[in-house]
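Participant: sequence first, then the predicted structure:
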Amino acid sequence: MVHSVRRSIFTRIARLAWLPLCFLLVACHVDMYDQPKYKPNDVSNFFPDGRAMQPPPANTVPLNSYNPDSPLMTGRIEGQLADQLPPEIKLDAALLAHGQSRYNAFCAPCHGLVGDGNGVIAYRGPMTVTSLHNDRLRTVQIGYFFDVITNGIGKMYSYASRIPPEDRWAIAVYVRALQLSQNADVALLTEAELQQVRAGR
Amino acid sequence: MSAQIFPRNANAIFLASLFGLVMLVVGTIAAMVGFYLSPWYTDVGVAKAQPVPFSHKHHVSELKIDCRYCHATVEKAATAGFPATETCMSCHSQVWTTSPLLEVVRTSYQTGEPVVWNRIYDLPDFVYFNHSIHVAKGIGCSSCHGRIDQQQLAAKAQPLYMGWCLGCHRAPEDHIRPREEVFNMEWDVNSLSLAERQRLVIEYQIPTDGRLTNCFVCHR
Amino acid sequence: MSHAHVHSEGPSAESLALNHEVSDVRSRPIVWGIVIVFGVLVLSFVLMGIVLAMAAGSITDTSNTLSNDEVTQLQLPPAPRLEQNPRVEGDRIIAEATERLESYGWVNERAGRAHIPIERAMELLLEHGLDVVK
């Protein structure tokens, strides 16, 4: 009698022994952590080149009002470098401030914050970086800067993949501001500023 | 008097066992919590090997390259973006052109095969984090990524527990900074007073009515 | 030893009647117990120290120290290495450029050309248009 009671208790406990396993099961259930979907920069087992982010296939054309041949996108008007801003870009303080932040992020490493070609990378690397402060670049069309950023020039790579067209125009405008700041006609300045120029402060 | 079944120290052993059992349970739980919070589990501060031993310290702290130079989509897209091989080559076609350490990058540029970097921060797939909104609302890189400019190989600075996310979503004024300082690694939150930071929260139109802690803000 | 503290006259009748312990507590096991507890404590600290010393390197080391092999040595420029502290050099270049962008001064006095702060240049550019540079 006592024996059978003890056995039934043991059986009852043994029947519940799987309960702690639940903890393991819930803790290891990670289906939702790694869902079968692609996120940017993922590795893919499906595409032959192993990329989840597939480059657009050849001959892909953009939709809507996007016009790849417009001055906004090419920096050119009828094949010639644009000598004015495209109609979509309005010259204002916000554009200049935006251009400044872009210039300092993308251009300053080599061209320097001042644009004199003495950036930190240029200082360390074995290369000569073009200064933005010479007569050729001061008189060149504004579309030239857009074109260089878009297509690269000489040893400079294209920055088209990193800087959207609107930002390229902002940088081009800011380059003009930099050029003015390093070569301003004193006729533009006030008397107080002239004093500061003479004092070198 | 019948024969003693238990020895004289049975009472003491029983009490000690009870105590031991309690301590064992408490200790096990404490050890599990400790493990859960420790770098063994969270990987905080654990540098991962990468195909190229890229040093953020060198490129950010010494070369003064802006975060956006490589992570160019951080202001526009959900992901900051791993830099394309072309981004590396825009400098390293000129600098360190014969370095064996950069062989992987050069090969990638020639063949078009991407360099497979090892992800440091891997959010669960049910969390939809968006870099651009945080950057636009004045949350700096270093708030989550720590002083990445002082790390050679990159490592996690935060375990990314949900409670940590919520801490900021409940009180953004504890972490906000002016937009111009978002990419400044050395920015100290305490350089602005609490009142000034609260003004920033209002200026950047960050909702303070508790909407930011709704589930659907991060989980969709 | 353990019986040395037992009173020579033995337990009193009163204590016996009240079923009190008839012998003093033995101090040796207690002392040994304390010693063992502290010994185990010290031992576990030492063990923890050894485990941490072995594991901590892989846990917190973010220094990415480069090894001394040939490949690494090829990376270093030949001595003398002039750039002792690249961080300071970088800071200096940034500081000089910032100073230049915040100050007035002559660029070419004869031609009447000056450098002015970038903020002022941006204002002037908005005022006079892009062609003011030419």
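Facilitator: Thanks, I have it.
Participant: which sections of chain C are below the confidence cut-off?
Facilitator: For chain C, applying pLDDT under 70 flags the ranges C:1-9, C:56-84.
Participant: next, count neighbours for residue 119.
Facilitator: In the absence of a named chain, chain A is used. Look at A:G119: counted by other CB atoms under 10 Å in any protein chain shown, it has 26 neighbours. C-beta: built from backbone N, CA, C; applies to glycine.
Participant: um, chain B though
Facilitator: 13.
Participant: just the pLDDT for it.
Facilitator: Note on B:R119: pLDDT of 90.
Participant: excluding its backbone neighbours, what's nearest it?
Facilitator: A:N41 (7.8 Å; CB to CB, 6 or more residues apart in numbering or on different chains).
Participant: tell me the mean pLDDT for the lengthiest helix in chain B?
Facilitator: Counting by DSSP state H, the longest helix found in chain B is helix B:10-37. In this model, helix B:10-37 carries a mean pLDDT of 92.
Participant: next helix or strand past that helix?
Facilitator: Helices and strands here follow DSSP states H and E; after helix B:10-37, the next one along the chain is helix B:39-42.
Participant: going along the chain from that following helix, find the next helix or strand for me.
Facilitator: Next along the chain after helix B:39-42, taking DSSP H and E as the criterion, comes helix B:56.
Participant: near chain A, which residues of chain B?
Facilitator: Residues of chain B lying close to chain A by CB under 8 Å from any CB of the partner chain are B:63-69, B:72, B:76-79, B:81-82, B:84, B:86-87, B:89-91, B:93-95, B:112-114, B:116, B:119, B:124-126, B:180, B:183.
Participant: try 6 Å
Facilitator: Neighbours of chain A within chain B, by CB under 6 Å from any CB of the partner chain: B:63-66, B:68-69, B:72, B:79, B:82, B:90, B:94-95, B:124-126.
Participant: near chain C, list only the ones from those residues.
Facilitator: B:K64.
Participant: follow-up on the earlier one: do the longest helix of chain B and chain C meet at all?
Facilitator: No: Helix B:10-37 does not reach chain C (CB under 6 Å from any CB); its nearest approach is 11.7 Å.
Participant: just curious, which of the residues of chain B next to chain A is nearest to B:K156?
Facilitator: B:P124 (14.4 Å; CB to CB).
Participant: so the closest one makes contact with A:Y33?
Facilitator: Yes: counting by CB atoms under 6 Å, B:P124 touches A:Y33, with 4.3 Å between them.
Participant: count the neighbours of C:T98 for me.
Facilitator: So C:T98, with other CB under 10 Å, has 13 neighbours.
Participant: and the helix or strand harbouring it, which residues are buried?
Facilitator: Element membership of C:T98, judged by DSSP H and E, is helix C:86-100. The neighbour-count check on helix C:86-100 (16 or more other CB atoms under 10 Å in any protein chain shown) flags C:P86, C:E89, C:G90, C:I93, C:I94, C:A97, C:R100 as buried.
Participant: what's the first helix or strand after that helix?
Facilitator: strand C:105-108.
Participant: that older thread, just the buried ones from the residues of chain B next to chain A, in PyMOL syntax?
Facilitator: Of the residues of chain B next to chain A, the buried ones go into a single PyMOL selection, burial set by 16+ other CB under 10 Å:
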select buried, chain B and resi 63+64+65+66+68+69+72+79+82+90+94
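Participant: now the residue nearest the centre of chain A: closest residue in space that isn't a chain neighbour?
Facilitator: Computing the C-alpha centroid of chain A and ranking residues by CA atoms, centre = their mean puts A:R162 first, at 4.2 Å. Of all residues not flanking A:R162 in the chain, B:A72 sits nearest, at 3.9 Å (CB to CB, 6+ apart).
Participant: where does the one you found land on pLDDT?
Facilitator: 93.
Participant: and if you look at B:H169?
Facilitator: 95.
Participant: which parts of chain B are helices?
Facilitator: Using DSSP H, helices in chain B cover B:10-37, B:39-42, B:56, B:67-70, B:85-92, B:103-111, B:131-136, B:141-145, B:162-170, B:194-203, B:215-218.
Participant: just give me the neighbour total for B:L37.
Facilitator: Other residues within reach of B:L37, judged by other CB under 10 Å, total 13.
Participant: I misspoke; the intended subject was A:A160.
Facilitator: Count around A:A160 with other CB under 10 Å applied: 14.
Participant: go ahead and confirm it touches A:I149.
Facilitator: No: counting by CB under 6 Å, A:A160 does not reach A:I149; the two are 7.3 Å apart.
Participant: what's the following helix or strand after the helix or strand bottoming out on mean pLDDT in chain A?
Facilitator: Sorting the helices and strands of chain A by mean pLDDT, DSSP states H and E puts helix A:19-27 at the bottom, at a mean of 66. Per DSSP H and E, the first helix or strand lying C-terminal to helix A:19-27 is helix A:71-74.
Participant: mean confidence for that following helix?
Facilitator: 90.
Participant: only alpha carbons, please: show it as CSV.
Facilitator: Extracted C-alpha coordinates of helix A:71-74, given in CSV (Å, rounded to 0.1, in the frame of the first residue of the first chain):
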residue,chain,number,x,y,z
PRO,A,71,20.4,70.2,-66.1
LEU,A,72,19.7,69.2,-62.5
MET,A,73,21.0,65.7,-63.1
THR,A,74,23.8,66.4,-65.6
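Participant: what's the offset of that helix from the middle of its chain?
Facilitator: Distance of helix A:71-74 from the chain centroid (CA atoms, centre = their mean, to the nearest Å) equals 19 Å.
Participant: which residues touch that helix?
Facilitator: Contacts to helix A:71-74, defined as CB atoms under 6 Å, 6 or more residues apart in numbering or on different chains, come from residues A:I77, A:A82, A:P86, A:E88, A:P165.
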